[in-house]
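> Need the 3D shape of this:
(one chain, ligands or ions: 2)
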Amino acid sequence: MNAPEQNIKSQSSAPHPVFGYRDFKLGQFEFRRDEYFAHIRWPKGSHTMDIGNFLRALMRDVAWGFFYGWVNFDDVFGTCNHYGTVDVFAGSYNGNYKKAKVDHLENHPTDLVRATFVDMLEDWVNEGFDPFAAPQETGSPYGRRRGENLKATRRARQLAKRCVGMKDDAKLRTDEGGYPVNRAFADVAQDQPEIHAELGFENEVHAFNLFAYLSRSDVTWNPSFTTVVKYSFMCPTTEEHILPIVHGNDRVEWFFQMCDEIHWNVGTKDTAEPRARVIMKAGDMAAMPADCRHQGFSPKRSMLLVWENGSPQVVHDIQAGLSPVNPVSF
Ligand code: PHB
Ligand code: FE
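Ligands and ions are numbered 1, 2, ... in the order given. Below is the predicted model:
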């Protein structure tokens, strides 16, 4: 994932004489940053985004390998994952951009989009700004180029070999591992379950306190895989402020609100038109249908369990009408 290991090169300019940032080119798309904004140009149009919002979205697109389906940075710009190639688009899933015929979409090999986005991220993120951190827990994304934050932009997932906390495995999310309890979860109990394994099975049976584990998460809007059973992925995460992307589904996904609350704006995937508001409180479950886009707002750091269907086949089944767009019909 990191730029130095790649042999595919991104296209970029020399650093800007005043702002210090490089411009990037991907096909006919041009990307430029200044003190406050990311500017994107394509043959029939242009777009401007707040640089903090742009970098938070870019960080996730890179770290998640372009995710499932659509990663909309906002209602105009984004990517769509074809798992081997990636569409980069502007206005292609916005009803009015389509109507005005100023939309633009290019398909590129995943490696090229990754190389471009990784280099842009590393060049445009300043010292002290971590795009994965909640806004109150990191520095400012604004201003002229000053240093870099490779520790943040090259953050890789920590992998457990068996189950978190098992003997010989990573001591993830403990004081020992350097993960203090987050300020928003000071009231979350840190006790662990009692395990009474049969003799001889002490190294086979394990359990841990998921609430305690999540209370020590140092990032926001970054689901981790805690269980993988065939294609059923349980991905809990801690959320604060705004989900930096507007996710467009290519499959159904389920949300379980484990504590506090998140407000979701749900829209139509192809046109960005608003479709529903979903206010999820502790204990609520919801399913996001395969034809929607959604963005969450978490007023206080909260815990969310995202349940993903990781099947590579389900996307094709939905497109062929063999699998439903809505998981339940009432
Ligand atoms: C989602 O798009 O469904 C999503 C992404 C990241 C999160 C939570 C939900 O942290
Ligand atoms: Fe989603």
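> Do a quick rundown of the helices in the protein.
Taking DSSP state H as the test, the helices found in the chain are 51-63, 95-99, 110-124, 150-153, 210-215, 314-319.
> Reformat these as JSON lines; add mean pLDDT.
Below are those laid out as JSON lines (pLDDT from 0 to 100):
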{"stretch": "helix 51-63", "mean pLDDT": "98"}
{"stretch": "helix 95-99", "mean pLDDT": "98"}
{"stretch": "helix 110-124", "mean pLDDT": "98"}
{"stretch": "helix 150-153", "mean pLDDT": "96"}
{"stretch": "helix 210-215", "mean pLDDT": "93"}
{"stretch": "helix 314-319", "mean pLDDT": "94"}
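> Out of these, which is the most enclosed?
Of the helices of the chain, the one with the most neighbours on average (mean count of other Cβ atoms under 10 Å) is helix 51-63, at a mean of 23. The way it works is simple: take the backbone N, C-alpha and C, and place the C-beta from them, glycine included.
> Tell me which residue of the chain lies closest to ligand 1.
Residue of the chain nearest ligand 1, by Cβ to the nearest ligand atom: H247 (3.0 Å).
> Check the burial of that residue by counting its neighbours.
H247 has 23 neighbours, counted by other Cβ atoms under 10 Å.
> thought it was touching F66?
No: H247 is beyond contact range of F66, at 11.6 Å (criterion: Cβ atoms under 8 Å).
> follow-up on the earlier one: output the helices of the chain as TSV; include the columns distance to C259.
Shown next, in TSV, are those (distance: least, Cβ to Cβ, whole Å):
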stretch	distance to C259
helix 51-63	22
helix 95-99	36
helix 110-124	31
helix 150-153	26
helix 210-215	8
helix 314-319	29
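> Can you point out the buried residues in stretch 216-229?
Using 16 or more other Cβ atoms under 10 Å as the test for burial, stretch 216-229 gives R216, S217, D218, V219, T220, W221, N222, P223, S224, T226.
> Reformat those as JSON lines; add distance to L243 and pLDDT.
Converted to JSON lines, the buried residues of stretch 216-229 look like this (distance: Cβ to Cβ, whole Å; pLDDT from 0 to 100):
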{"residue": "R216", "distance to L243": "21", "pLDDT": "92"}
{"residue": "S217", "distance to L243": "15", "pLDDT": "92"}
{"residue": "D218", "distance to L243": "17", "pLDDT": "91"}
{"residue": "V219", "distance to L243": "13", "pLDDT": "93"}
{"residue": "T220", "distance to L243": "9", "pLDDT": "97"}
{"residue": "W221", "distance to L243": "5", "pLDDT": "97"}
{"residue": "N222", "distance to L243": "10", "pLDDT": "95"}
{"residue": "P223", "distance to L243": "11", "pLDDT": "93"}
{"residue": "S224", "distance to L243": "16", "pLDDT": "87"}
{"residue": "T226", "distance to L243": "19", "pLDDT": "84"}
